[in-house]
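J.: Would you be able to build a 3D model of this:
(chains A and B)
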Amino acid sequence: MNVATLVEKRRTQWTELERLCDGFVKPEDAARFGALYRAACADLALANSYQLPPGTVTYLHRLVGRAHSRLYRSERFDPQSWFNVIFIDAPRQIFSDPCVRIAAVLFFGLFSLSAFLAYNEERFPTYAEDMVGAAQLEQMETNFQQGLDGNFSHYIVMAGFYIKHNTGIGLRCFAFGILLIPCLFILCDNAVKLGASFGYMAREGVQGGDTFCIFVTAHGPFELTAIALSAGAGLRLGMGLFRTEGMTRLDSLRINALRAVPIMVAAAIMFFLAAFTEGFISPSPLVYPLKAAWAIGSSGVLMFYFVVLGFPRGEPT
Amino acid sequence: MADATPLDTTTEVVTPENIAFEYQLAGPFRRLPAYALDVALYTGVLVLLVFFGLLVFSATLSGTLVSMWVFVALIIWFVFGWFYGALCETYFNGRTIGKWACGLRVISVDGRPLSGMQATIRNLLRVSDIAPYAALPQAESEIAPVLMIPTAIIGLLAVIFTRRMQRLGDLAAGTMVVVDEKSWRLPVARVDDARVPALAAYIPGDYRVTQSMARTLAAYAERRAYLTPPRRREVARHLTTPLIDRFEFRPDIDPDLLMYALYYQTFLAADNQEPGEIGALAGFSPLRKDMARASLVAAPPAEMQPRGTARAAAVVPSMEPTDRAVASADQPPAPETPDQGETL
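T.: Sure thing, here's the model as predicted:
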């Protein structure tokens, strides 16, 4: 038998397989698909002994490739696996990851330092203006002068904005982690600017200062922790390129990315919680003890999450 | 085949059926349009959302409804901006809409389909791949993303320097982008020139075509349609000169015709096929030992040849290779043409 007749003979099956690769496959076609796929694989394997022309071999490679990706589908997001990621993997990784600790120390250290410098008006009179900008400080003052009030339509728009804006910053911080320096820059930039704003607003005699403190109390724990966590996840990603621990650089990067994602997921959830708090609770005219209770409660939840859920133990059951 | 063509942009994948097949990798210039299409698509959806919100507002003038709408739009903006690619690639098996339009697909480096986790990683890390940004000074990146022009130099460098053309996100997720499009080319070129089977019949039976020779012949048969007859002879001569010696053919055989005959013999000849009708050339022998005899036989009249080609063209008039065969026959490729010696 010559090659041309062979190809012509097989071609009907190949076209049929090609047709089954498109669109929905009926159940009765599924078995047929498997048989055709195996036949095409066999044709490809024997292509050299059949001496098929290169054009046909290229076609077969593509056909088998398409059928292969048709047969083996991508793994969807499984709710059970996400439960495991959020409540088992993430806290343990956060608890044991030095990158998270470095990011947290860096963030909260710079934040406190910056707040102190901005608060200390006598020694560093222009620090806050240099860091945040005079116009923005003024804007903040006028914003908080009117006191806290609002209605539902204002709250919900702000909640949406905070979700988009703040979570976006966290995700950028994480994604830049692979380049390390931009991630560190975003982290430090946020720490310094937030610290300077806090310190400035805490000064005696700044208008709206009290309102500001009441405003930030409720969502502070979630939001600040979330920034530190996303930077920690980013650092974990970037360190994979440098600390390979005996693996090839690419394997190390891949494994560290898999370890970093749970941290980022936890951070994203905290950003969401912070955004809803910031949208609904912080600007509401609730009495301060309630907001403080919310802050204490959320800190407690975080502690429970990090320490109790995260404490190293044996394999998850 | 992959080891023989190390410069090709293909990558080999071994399936669970233990078959190794090749994927063609997609370079930056295939991926950029797909990405641009995706961006245009979700920007369009967002614009529609805003437009719809304005409609709702003008129809109801209800502040609460509009703010709910703004909330939903902001969430959709956030989800599209960060997770459009991850969601599409997970649920459409490695393709976004742009990739589908451009015939691309993302798969794991080991050839398996990618998981949701991998899709998330590779799409989140796009931020660093399209860095550095050519930022206009003082432009607020969140409010006016248009003013932050991504140069994508980092991703481009990563694509250039990695074997599987992966950007940083692909490296971290362990994925690659491959070309996934259908292509059916006529696998075996038809031979419509009646002289070819006749010449093929003279090829010695003990001559076995090696695999690389078969590949070369098939490539030649595919390419020859794009070459002019003198160029064909020039290309073919390198292979046929030793073969003519080996087959003991007369030296003025057209190299193109001989290559074509070998191709026919390798891919097309059936065991029990009758040689075609070759008209005036019947009785012609390409063998060197018959040269003296052939000169004794009356050389075919000059007008015979156009008639022969006209008939060959009439067999399958619409086939493209026929035209080529005619074109080659119009030139002086036939062995008996006197000026053949110049081309050899």
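
J.: Need the three-state assignment for the closest residue to chain B within the stretch 201-317 of chain A.
T.: When scored by C-beta to the nearest C-beta, the stretch 201-317 of chain A has A:Ala257 as its residue closest to chain B, at 4.0 Å. Placement of C-beta: from N, CA and C, glycine included. Taken by DSSP: H, G, I helix; E, B strand; the rest coil, the conformation at A:Ala257 corresponds to helix.

J.: burial of it, as a residue count?
T.: When neighbours are defined as other C-beta atoms under 10 Å in any protein chain shown, A:Ala257 has 28 of them.

J.: Contact partners for residue 159?
T.: You didn't say which chain, so I picked chain A. Neighbour list for A:Ala159: A:275-276, A:278-280, B:71 [criterion: C-beta atoms under 8 Å, 6 or more residues apart in numbering or on different chains].

J.: Chain B, not that one
T.: Each residue near B:Val159 by C-beta under 8 Å, 6+ apart is listed here: B:27-28, B:165-167.

J.: Quick check: B:Val209 is in a strand.
T.: No. Going by three-state DSSP, the assignment for B:Val209 is coil, not a strand.

J.: That one and B:Thr216 touch, don't they?
T.: No. Between B:Val209 and B:Thr216 there is no contact under C-beta atoms under 8 Å: 9.4 Å.

J.: how about low-confidence regions in the stretch 151-300 of chain B?
T.: Low-confidence segments of the stretch 151-300 of chain B, defined by pLDDT under 70: B:182-191, B:269-284, B:288-300.

J.: at 50 what do you get?
T.: Applying pLDDT under 50 to the stretch 151-300 of chain B flags the ranges B:186, B:296-300.

J.: the helices in it, which residues?
T.: Remark: helices assigned in the stretch 151-300 of chain B by DSSP state H, counting those that start in this stretch are B:153-161, B:168-173, B:195-200, B:211-223, B:229-247, B:255-263, B:291-296.

J.: Deepest-packed of those, please.
T.: Across the helices of the stretch 151-300 of chain B, averaging neighbours per residue (mean count of other C-beta atoms under 10 Å in any protein chain shown) puts helix B:168-173 on top, at a mean of 27.

J.: close to chain A, is it?
T.: Yes. Against chain A, helix B:168-173 shows contacts by C-beta under 8 Å from any C-beta of the partner chain at B:168, B:171-173.

J.: Can you name every helix or strand that that helix contacts?
T.: Contact analysis of helix B:168-173 by 3 or more C-beta pairs under 8 Å, 6 or more residues apart in numbering or on different chains; DSSP states H and E lists helix A:249-276, helix B:116-124, helix B:126-129, helix B:153-161, strand B:175-179 as its packing neighbours.

J.: close to chain A, is the second one?
T.: Yes. Among the residues of helix B:116-124, B:116-117, B:119-121, B:124 lie within reach of chain A under C-beta under 8 Å from any C-beta.

J.: possible to save the residues you listed as TSV with pLDDT?
T.: Formatted as TSV, the residues of helix B:116-124 next to chain A follow (pLDDT from 0 to 100):
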residue	pLDDT
B:Gly116	86
B:Met117	87
B:Ala119	91
B:Thr120	90
B:Ile121	91
B:Leu124	91
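
J.: At the contact with chain B, which residues of the stretch 1-150 of chain A appear?
T.: Counting by C-beta under 8 Å from any C-beta, the stretch 1-150 of chain A comes close to chain B at A:1-5, A:7, A:11, A:18, A:37-38, A:41-42, A:44-45, A:48, A:51-66, A:68-70, A:72-77.

J.: And the residues you listed, which of them are buried?
T.: Among the residues of the stretch 1-150 of chain A next to chain B, the ones that count as buried by 16 or more other C-beta atoms under 10 Å in any protein chain shown are A:2-4, A:7, A:18, A:37, A:41, A:44-45, A:51-66, A:68-70, A:72, A:74-75, A:77.

J.: in the stretch 1-150 of chain B, which spans are strands?
T.: Applying DSSP state E, counting those that start in this stretch to the stretch 1-150 of chain B gives strands spanning B:10-14, B:20-25, B:104-108, B:133-135, B:148-150.

J.: B:Trp69: what's its closest spatial neighbour, skipping adjacent residues?
T.: Spatially, and ignoring its direct neighbours in sequence, B:Trp69 is nearest to B:Gly53 (4.6 Å; C-beta to C-beta, 6 or more residues apart in numbering or on different chains).

J.: Just the ones in strands from the buried ones among the residues of the stretch 1-150 of chain A next to chain B, please.
T.: Among those, no residue falls in strands (DSSP state E).

J.: and the residue lying closest to A:Tyr200 once chain neighbours are set aside, what does it touch?
T.: In space, and not counting its chain neighbours, A:Tyr200 is closest to A:Ala128: 3.9 Å by C-beta to C-beta, 6+ apart. A:Ala128 sits next to A:117-118, A:137, A:196-197, A:199-200 when contact means C-beta under 8 Å, 6+ apart.

J.: Over to A:Tyr305?
T.: Applying C-beta under 8 Å, 6+ apart, one finds that A:Tyr305 lies in contact with A:91, A:266.

J.: three-state assignment of it?
T.: Here A:Tyr305 is recorded as helix under three-state DSSP.

J.: what's the answer for the one 5 residues further on, then?
T.: Three states are possible here, and by three-state DSSP the one that applies to A:Gly310 is coil.

J.: Can you read off the pLDDT for it?
T.: In this model, A:Gly310 is scored at 86, pLDDT.

J.: Correct me if wrong: it contacts A:Asp97.
T.: No. Between A:Gly310 and A:Asp97 there is no contact under C-beta under 8 Å: 9.8 Å.

J.: Any chance of the contacts of A:Ala159 in CSV with pLDDT, neighbour count and distance to B:Asp193 as columns?
T.: Output for those, formatted as CSV (pLDDT from 0 to 100; neighbours: other C-beta atoms under 10 Å in any protein chain shown; distance: C-beta to C-beta, whole Å):
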residue, pLDDT, neighbour count, distance to B:Asp193
A:Ala275, 90, 25, 75
A:Phe276, 89, 20, 78
A:Glu278, 87, 25, 81
A:Gly279, 86, 23, 79
A:Phe280, 85, 18, 83
B:Phe71, 87, 21, 73
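
J.: which two in those are spaced the farthest apart?
T.: Pairwise distances across these peak at 13.6 Å for A:Glu278 and B:Phe71 (criterion: C-beta to C-beta).

J.: and stretch B:8-27, average pLDDT?
T.: The average pLDDT for stretch B:8-27 rounds to 79.

J.: Is any residue of it near chain A?
T.: Yes. Against chain A, stretch B:8-27 shows contacts by C-beta under 8 Å from any C-beta at B:13, B:15, B:17, B:19, B:21-24.

J.: I am finished for the moment; much appreciated.
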